[in-house]
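**Q** Pasting the sequence and the predicted model now:
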Amino acid sequence: MRRGFGVFGKVRVTRRALQEGAGWYTVCMPMHTPLPDLISLQGQVAVVTGAGRGIGRGIAVRLAEAGAAVVVVDRDEVEAASVADEIRGTGAAAHAVQADVSDEAAVRSLVRATCDDLGGIDVLVNNAGIFPSCPVLQMETADFDRVLAVNLRGVFLCTRETALAMVDRGRGGAIVNVTSIDALHPSMVGLAHYDASKHGVWGFTKNVALELAPHGIRVNALAPGGVLTPGVAEMGAGSDEAVAAFAAGIPEGRMGDPDDIARAALFLASDMSSYMTGTQVVVDGGALLA
Ligand SMILES: NC(=O)c1ccc[n+]([C@@H]2O[C@H](COP(=O)([O-])OP(=O)(O)OC[C@H]3O[C@@H](n4cnc5c(N)ncnc54)[C@H](O)[C@@H]3O)[C@@H](O)[C@H]2O)c1
């Protein structure tokens with residue numbers, strides 16, 4: 001083999017003679033990676049925030065099924081422990097960590113402990129979020145600040161601490177930020193603070209994707225539509241009537257299941273999306289079209 005030609009990462013570089021004999025040209029042929037290897041997270045460590053229930057739980061379960069050791073992070077210690085137990089029950093590795101993502105010291109300690117105990121972080125899913133409804137005319141400043149603190153500052157803190165560790169380790173990684181279709185279009189009155197936070201996460205995602213691409217770290221956003229979760233039920237939107245009314249406005253005719261979102265999260269976390277960064281994947285049953 002000539003010097004300078006061969007297999008570089010996932011690309012095979014060869015030289016071929018032109019038919020007309022005019023010279024040489026270089027061909028880059030992608031190596032064929034088998035599908036199970038592309039979607040596998042075997043040997044990787046994934047941190048999922050807000051994974052004690054709902055969409056985060058669904059994502060943690062799928063990433064574990066793909067082979068990752070999953071760190072189940074939630075402000076609710078009991079729910080985090082229960083999901084970690086559930087995952088370990090399938091034979092996969094999971095660890096529960098109680099942390100509030102808006103607390104800088106807690107996030108630092110989460111990332112440090114994960115790197116010390118598990119060797120590093122390959123995947124971060126920023127899923128923790130809150131969505132209390134309140135018209136802006138009645139909104140207290142503290143209501144606004146709390147939503148921004150969890151939904152936007154939390155994403156910043158977890159991303160910064162994890163990215164520092166990923167860059168230091170030099171093995172790249174994937175970051176998935178769970179936004180919402182509200183990052184693109186308001187779904188209802190009363191979510192002005194929420195929509196501001198999710199638009200913020202989308203802007204943050206694009207800029208950080210640009211900054212981290214040279215380090216082999218991909219950063220993408222995942223925008224769910226209406227998904228039936230405990231958080232949605234607590235908003236009073238979980239009754240049969242409310243679900244039916246919501247589903248009637250969705251082209252696919254149903255609300256999402258956490259696993260609908262988890263499948264897309266696995267896609268963005270794995271090499272299935274190896275050439276994607278700074279994008280936002282919408283998973284909404286067509287709701288934005290309606
Ligand atoms: N369910 C939907 O219809 C929907 C739609 C679009 C986007 N989303 C987004 O998906 C994410 C998950 O939503 P969900 O419906 O599963 O919510 P959920 O309320 O059912 O679950 C959220 C989990 O996050 C945890 N959490 C909340 N604040 C936290 C904090 N400060 N630190 C750590 N953990 C915290 C909660 O304890 C809970 O376990 C959120 O970011 C939400 O905005 C949800």
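**A** Arrived safely, thanks for sending. Numbers count the residues shown, from 1 in each chain.
**Q** could you give the mean pLDDT of stretch 145-155?
**A** Here stretch 145-155 scores 98 as its mean pLDDT.
**Q** Same check on stretch 158-176?
**A** pLDDT averaged over stretch 158-176 gives 98.
**Q** Equivalent analysis for stretch 103-115, please.
**A** 98.
**Q** then that stretch to CSV, C-alphas only?
**A** Taking C-alpha atoms only, stretch 103-115 is exported to CSV below (Å, rounded to 0.1, in the frame of the first residue of the first chain):
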residue,chain,number,x,y,z
ASP,A,103,-27.5,23.5,40.8
GLU,A,104,-24.0,24.2,39.6
ALA,A,105,-22.3,22.4,42.4
ALA,A,106,-24.5,19.3,42.0
VAL,A,107,-23.9,19.1,38.3
ARG,A,108,-20.1,19.4,38.8
SER,A,109,-20.2,16.6,41.3
LEU,A,110,-22.4,14.5,39.1
VAL,A,111,-19.9,14.8,36.2
ARG,A,112,-16.8,14.3,38.4
ALA,A,113,-18.2,11.2,40.1
THR,A,114,-19.4,9.7,36.8
CYS,A,115,-15.9,10.2,35.2
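**Q** Pull out the buried positions in that stretch.
**A** 103, 106, 107, 110, 111, 114, 115 (16 or more other Cβ atoms under 10 Å). All C-beta atoms are positioned from the backbone trio N, CA, C, and that covers glycine.
**Q** for those residues, which one is nearest residue 289?
**A** Nearest to residue 289 out of the buried residues of stretch 103-115 is residue 107 (Cβ to Cβ; 36.8 Å).
**Q** That closest one should be in a strand, yeah?
**A** No. Using DSSP: H, G, I helix; E, B strand; the rest coil, the assignment for residue 107 is helix, not a strand.
**Q** hang on, it packs against residue 99?
**A** Yes. With contact defined as Cβ atoms under 8 Å, residue 107 reaches residue 99; the gap is 6.6 Å.
**Q** on that earlier part again, can you add secondary structure and distance to residue 224 and give the buried residues of stretch 103-115 back as CSV?
**A** Below are the buried residues of stretch 103-115 laid out as CSV (DSSP: H, G, I helix; E, B strand; the rest coil; distance: Cβ to Cβ, whole Å):
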residue, secondary structure, distance to residue 224
103, coil, 25
106, helix, 25
107, helix, 23
110, helix, 24
111, helix, 25
114, helix, 25
115, helix, 29
